[in-house]
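Asks: Fold the following and give me the result.
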Amino acid sequence: MTTPRRLARLLLTHPAHLWTRGTDLLGLLTAACSEMTAVARLAGEFAALPTPAQPNDDKLTQWIATVRTADLPHLHSLCNGLESDRAAVNAGLCRRSRNSPPRAPTSPPACSNEVDILGGW
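Replies: You can find the predicted model right below:
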């Protein structure tokens, strides 16, 4: 018996990272009904979006329109959440991260608070 948690894990795992057994089980479970087939397809399409690229905001708009036509209320709820702060979602999907790499632990603290946190230098 497959639990909902295991099915969700299978749906959310990149196909290249699934064992053959997991791929076979996912195919069997998603073929059980048209709603599961649609969820699997839409989850795969959505999973491709987090790679930052400029056209992702247009792709997300198309994805949301596709979800709205499907009879999947839980995904409609996800779309409502995405659209509630669309500017932040677009920023996350379209811009590359500009974070600097973490500092080496041997570097001196940048502020006095770090001295207390790190146990003093």
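
Asks: switch to C-alpha atoms for all contacts and neighbour counts from now on
Replies: OK.

Asks: What is the neighbour count of Asn90?
Replies: Using other C-alpha atoms under 10 Å, Asn90 has 19 other residues around it.

Asks: Look up how far Glu35 lies from it.
Replies: Remark: distance between Asn90 and Glu35 (C-alpha to C-alpha, to the nearest Å) = 28 Å.

Asks: now swap in His14 and tell me
Replies: According to C-alpha to C-alpha, His14 stands 20 Å off from Glu35.

Asks: Pull out the buried residues from the helix or strand that contains Arg41.
Replies: Arg41 is part of helix 34-47 when elements are defined by DSSP states H and E. Neighbour counts over helix 34-47 (16 or more other C-alpha atoms under 10 Å) mark 38-40, 42, 44 as buried.

Asks: Show the pLDDT at Cys33.
Replies: Cys33 carries a pLDDT value of 89.
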